[in-house]
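Visitor: need the 3D shape of this:
(2 chains)
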2 protein chains.
Amino acid sequence: MKQSRLYIPTLKQIPNDADSVSHQLMLRAGYVRQVSTGIYAYLPLALSVINKIETIIRQEMDKIEAAEMQLPSLLPAELWEESGRINTYGDDVFKLEDRHKREFILGPTHEETITTVVKEYLNSYKKLPMVLYQMQNKYRDVTSTKYGLLRSREFLMADAYSFSSNSEQLDIIYSQMEQAYRNIFDEIGLDFRAIYGSADLMGGTESKEFSALANIGSDTIAYSDDSDYSANLEMASSKLPDNPTEEKKKSELIKTPDVHTIAALASFLNIASSKIMKAVAYMADDKPILVMIRGDYEVNDVKVKNFLDADLLTVATPDQVTEEFGSIPGFIGPKGLNPDVTVLYDSSLEGLTNFAVGPNIRNKHLVNANFEDLSDSEIEFHDFRVVKEGEASPDGHGVIKFTNGIRVANIYKLGTKFSEDFGANFLNEDGKSEPIIMGSYGISISRLLSAVIEQHNDENGIVWPASIAPYQVHVIPINYDDDTQKKLSDDVVKILKDENFDVLLDDRKERPGVKFADSDLIGIPIRVTVGKKAADSIVELKIRSTAETIEVNKDELVNSVKILLKNQ
Amino acid sequence: MKQSRLYIPTLKQIPNDADSVSHQLMLRAGYVRQVSTGIYAYLPLALSVINKIETIIRQEMDKIEAAEMQLPSLLPAELWEESGRINTYGDDVFKLEDRHKREFILGPTHEETITTVVKEYLNSYKKLPMVLYQMQNKYRDVTSTKYGLLRSREFLMADAYSFSSNSEQLDIIYSQMEQAYRNIFDEIGLDFRAIYGSADLMGGTESKEFSALANIGSDTIAYSDDSDYSANLEMASSKLPDNPTEEKKKSELIKTPDVHTIAALASFLNIASSKIMKAVAYMADDKPILVMIRGDYEVNDVKVKNFLDADLLTVATPDQVTEEFGSIPGFIGPKGLNPDVTVLYDSSLEGLTNFAVGPNIRNKHLVNANFEDLSDSEIEFHDFRVVKEGEASPDGHGVIKFTNGIRVANIYKLGTKFSEDFGANFLNEDGKSEPIIMGSYGISISRLLSAVIEQHNDENGIVWPASIAPYQVHVIPINYDDDTQKKLSDDVVKILKDENFDVLLDDRKERPGVKFADSDLIGIPIRVTVGKKAADSIVELKIRSTAETIEVNKDELVNSVKILLKNQ
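Guide: This next block holds a predicted model:
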């Protein structure tokens, strides 16, 4: 392709409104332009990268026998009313009416639609499993549209849906899909982690998120420095050392006037905060919940919410502590509360002895307490804790570190939520009707573009991995008006194209410095410069990532390019 | 691909609600499903055909150095307010608001958007010409959604836009694009006509439409049976025989009581209607217009409207004939009208002698009139006529025939309408600012699907041209549970795939009759049946279009398939 016929509006200045490296580079290098807030045009270079990512995705989907199809973007609103997601998604969903005042939405995801489309035909276990996928623009009217393509309102997804007759079939497809996604990201050159996620808005039973490691990521990822373990901070766990064994003492109620915090209590009693049993009072869907945890840890609300399967979890107000718990703010503890209060114990407390704890009496604390002082029945411990960096990985290998991540993909075991909502049933081998067991899988292609650029750039511009570069080779004649250089440049293009390389020829009437700067900015892996030695059929190859150069004769060109590209 | 893993929900019955052969077949053969009125899901077979059409389009766009990009579908409404098309398109445009009450539309076409995206950079004649295209879903809230994909509300287009510095550049691109479209339709196997169209909603200066010949087309096309000439009926012209030469007689005003129609007048005077000068009174944007035409022809309103460059043309009411024209309904003629009436003469009248004409006097007609009796000045003749079948083609070759057509593509010379609306200017060679000269080009991919099926089907189903068939070869084992047949089937699939053929393997546990019927219905060009002779490595090839069969050994398979596909 001739560069003069491609629309590549490079900018000399860093755009003011771009708030991430990837977005700045995509604007500067002429990959995207904003059409409206969070809505972008993909210019030719970006579309070329997208097409290459799509080809890689298709190859992996082929391997696991998934079939491509295409659902509409404009969807009747009743589908989302049926599933209830029109409410859970709220204002994130773009809504509209047609000329007959029928209500429609722009699809943010397609579980409802695919279920209604396939249910007529997937009516027997003989027709299962089936995996269908599509590449499609999705729509979410998000409030924050920072970081360009990372949070756009019209974005490109490759989403897949699986239909199984039993959970073993689902498990197989789920792990095939995970492997396919790993292969895709490896091929694309993305440094990523697959982490256990919360099933959030999908209503499913198990899920994983694929996050690209990046400074600007909005998610905090906890990972082991010596194993595959990683999880979103809100889902991460860790292995704590055992609490020290001590001979149990006799508990004592002592005066602690005006001592309201863990730090103040530790200081007043001259003990470590790890010897204090902290209490955090919540209201979970209007029910009083008290979470007990060691004084040196924080409670992770998401874990509590998931444990209780609650819709809404809020920290109790002082009034609620008094009225709903029957206690005194600052002095709350597990013993002597209103009978309908549920008390939960974090596993950090397991084996703790001779601790301080609130007695539900103003200006007093119980010290040298033990579990026998609090409850007659056996106490169960669960993980309600926010993990900290440096703690041992839960799999026993390495210690936990934190990093930021850009979520680029999800896989979900959906179960039967949508098949039940839409009556997508099949006859099993015994002739009985059962709801189809579904899975849902999605890669955000537009986010991938940003994530790869966040990981692959330098001070001169983008440094594309060869697998998804918009072109593999950039041929730059120093002077395309010079007959010898023009002839060799055209020859070089032809030779490379005949070997199926993607070649961009800079045929513009620009100074060499402008051409080189643009080439570095747009980030094509191999540059072939045709200059003074054109008469001897010698060109210069330059590797974008290392800036190394070599001179080769036209005859050695194909082999050299092949070798160099293999190493990118 | 294994058929068991593709979603192909074939139907045994013809669906009630499908009103065209192509729509019936796409439903029966499991290509599409309706999600809402005029909104369809493309199932795997349809998407495969679409992908092949897109590949053919890309190849042709490459040849003319057009670059692919991707604009958003969700567009800020102010773009369409700026161009005024939010009004001319009216309720055909889907409108919505985002969470901040900003107004958006779903793009029906993208002249406004592309112009605003490219105007910052295409600021010099040195950067022109440029041709950009995209493949994208478009949206039109049409009232009539007959015929499935032929009139859908979400439909797939390949649309292109050209930017030139002068009209010669535009002319070159316009004809390159016409040739590209011709190549695409030839490759796809479409019987089509390129016809001169009206520039309608695009506000351009010249346009052509590409119509597929089909019984269900909503447009009537007039074409020559012996040349390339063709045009929409409303734009078509023809060559009339000269009016007979006669010695001119003296005109005479005679009584014609209660004679109000051409037929009645011809009968009353006992003359042919071709000897009557008929008058049709119109109001064009509130101005009175009288169109004169030979009594045996009809006036073509579109031609009159285009000639006058009028926005609104309506037939005058009897009151208007009296008040605006100063005449009497039924007896109107060109002489003696109010002075502000414009009189137009159709070319069918050229050389007519001794005719009857209305005198603007109640119950009278002027007979044996000649042009000298009507006007002192020279009369100009123009084409305002509806052509008829059997008339001579205007290029002198063949006679005019009528057929129906499905409009599948358009090309428009837009001129500067949009560049002026959005201030897309460039500096010319003299350093002066001028608006960019634009062109707009579009193929409806979803309509193409229907149009090809309308032209390529038989009583058993679809008969795809090999170039866009969802798969080229359908391998059908009679019994896939039989080890010998299974082994040979898998071998055949591998051999064909290694030669880059698209192969579908029917691995379902169905009776052979069901498999054969489904294969004919979905229309794959070559069927390879693996049956009893599997032990001898012999398979049967069947050609979908001719139903011919031959037996070949596995070793001859590739060559046979190559030869057979070449002839499809």
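Visitor: the closest residue to chain B within the stretch 401-550 of chain A - how many residues pack around it?
Guide: Across the stretch 401-550 of chain A, the shortest distance to chain B (Cβ to the nearest Cβ) belongs to A:K509, at 7.0 Å. To be clear about C-beta, it is placed using only N, CA and C from the backbone, and glycine gets the same treatment. Burial of A:K509, expressed as a neighbour count using other Cβ atoms under 10 Å in any protein chain shown, amounts to 9.
Visitor: tell me who's in contact with it.
Guide: Taking Cβ atoms under 8 Å, 6 or more residues apart in numbering or on different chains as the definition of contact, the neighbours of A:K509 are A:480-481, B:126.
Visitor: next: A:E391.
Guide: In this structure, A:E391 makes contact with A:238-240, A:399-400, judged by Cβ under 8 Å, 6+ apart.
Visitor: give me the buried entries from these.
Guide: Neighbour-count burial (16 or more other Cβ atoms under 10 Å in any protein chain shown) is assigned, among the contacts of A:E391, to A:238, A:240, A:400.
Visitor: which residue is the nearest non-sequential neighbour of A:A236?
Guide: Of all residues not flanking A:A236 in the chain, A:A222 sits nearest, at 3.6 Å (Cβ to Cβ, 6 or more residues apart in numbering or on different chains).
Visitor: who does that neighbour bridge with?
Guide: A:A231, A:F402 (DSSP bridges).
Visitor: A:V387 is in contact with that one, correct?
Guide: Yes: assessed by Cβ atoms under 8 Å, A:A222 is found in contact with A:V387 at 5.5 Å.
Visitor: quickly list what's touching both of those two.
Guide: Counting by Cβ under 8 Å, 6+ apart, the contacts common to A:A222 and A:V387 are A:233, A:236, A:238, A:400.
Visitor: tell me the one of the buried ones among the contacts of A:E391 nearest chain B?
Guide: Lowest distance from chain B to these (Cβ to the nearest Cβ) belongs to A:I400, with 37.9 Å.
Visitor: tell me which element the most centrally placed residue in chain A falls in.
Guide: Ranked by distance to the mean C-alpha position of chain A (Cα atoms, centre = their mean), the top residue is A:R407 at 1.6 Å. Here A:R407, judged by DSSP states H and E, is contained in strand A:400-415.
Visitor: now swap in A:D507 and tell me
Guide: Secondary structure assigned from DSSP H and E places A:D507 in neither a helix nor a strand.
Visitor: how close does it sit to A:D191?
Guide: 36 Å (Cβ to Cβ, to the nearest Å).
Visitor: same question, A:N87
Guide: According to Cβ to Cβ, A:N87 stands 38 Å off from A:D191.
Visitor: which one's more surrounded, these two?
Guide: Under the criterion of other Cβ under 10 Å, the comparison of A:N87 against A:D191 puts A:D191 first, with 15 against 10.
Visitor: the residue lying closest to A:T353 once chain neighbours are set aside: neighbouring residues, count only.
Guide: Residue nearest to A:T353 in three dimensions, not counting chain neighbours: A:E246, with 4.7 Å by Cβ to Cβ, 6+ apart. Per other Cβ under 10 Å, the neighbour tally for A:E246 reads 13.
Visitor: distance of A:E246 from A:N16?
Guide: On the measure of Cβ to Cβ, A:E246 and A:N16 end up 61 Å apart.
Visitor: what's A:L190 in contact with, if anything?
Guide: Taking Cβ under 8 Å, 6+ apart, we find A:L190 in contact with A:212, A:408, A:448, A:451-452, A:455.
Visitor: excluding its backbone neighbours, what's nearest the residue in the stretch 251-400 of chain A positioned nearest to chain B?
Guide: When distances are taken as Cβ to the nearest Cβ, the stretch 251-400 of chain A approaches chain B most closely through A:L312, which lies 22.3 Å from it. Residue nearest to A:L312 in three dimensions, not counting chain neighbours: A:D285, with 5.6 Å by Cβ to Cβ, 6+ apart.
Visitor: the one you found contacts A:A310, doesn't it?
Guide: Yes: the criterion here is Cβ under 8 Å, and A:D285 meets it with A:A310 at 5.0 Å.
Visitor: from the shared contacts of A:A222 and A:V387, which land in strands?
Guide: Cross-referencing those with the strands (criterion: DSSP state E) gives A:I400 as the overlap.
Visitor: which of the shared contacts of A:A222 and A:V387 sits closest to B:G333?
Guide: Of all the shared contacts of A:A222 and A:V387, the one with the least separation from B:G333 (Cβ to Cβ) is A:L233, at 90.4 Å.
Visitor: what's the burial count for the closest one?
Guide: Taking other Cβ under 10 Å as the neighbour definition, A:L233 ends up with a count of 17.
Visitor: for it, which residues are in contact?
Guide: For A:L233, the contacting residues are A:219-222, A:386-387, A:402, taking Cβ under 8 Å, 6+ apart as the criterion.
Visitor: burial of A:V315, as a residue count?
Guide: Number of residues near A:V315 (other Cβ under 10 Å) recorded here: 12.
Visitor: next up, the contacts around A:I526.
Guide: A:472-474, A:541-544, A:561, A:564-565, A:568.
Visitor: of these, which is the most crowded?
Guide: Counting by other Cβ under 10 Å, top hit in the contacts of A:I526: A:H474 with 28 neighbours.
Visitor: quick one: that residue and A:L504 touch, right?
Guide: Yes: with the criterion set as Cβ under 8 Å, A:H474 and A:L504 qualify as a contacting pair; they are 5.1 Å apart.
Visitor: residues shared between the contacts of the two?
Guide: Each of A:I524 lies in contact with both A:H474 and A:L504 under the rule Cβ under 8 Å, 6+ apart.
Visitor: out of A:D285 and A:A310, which sits in the more crowded spot?
Guide: More neighbours surround A:A310 than the other of A:D285 and A:A310, with 18 against 13 (other Cβ under 10 Å).
Visitor: what sits against that one?
Guide: For A:A310, the residues meeting the contact criterion (Cβ under 8 Å, 6+ apart) are A:284-285, A:304.
Visitor: same question, A:F104
Guide: A:F104 is in contact with A:74-77, A:95-98, B:36, B:94, counting by Cβ under 8 Å, 6+ apart.
Visitor: what's the answer for A:S347, then?
Guide: With contact set as Cβ under 8 Å, 6+ apart, A:S347 has these partners: A:240, A:381-385.
Visitor: if we go to 7 Å?
Guide: A:381-383 (Cβ atoms under 7 Å, 6 or more residues apart in numbering or on different chains).
Visitor: please apply the same query to A:E103.
Guide: In this structure, A:E103 makes contact with A:77, A:95, A:97, judged by Cβ under 7 Å, 6+ apart.
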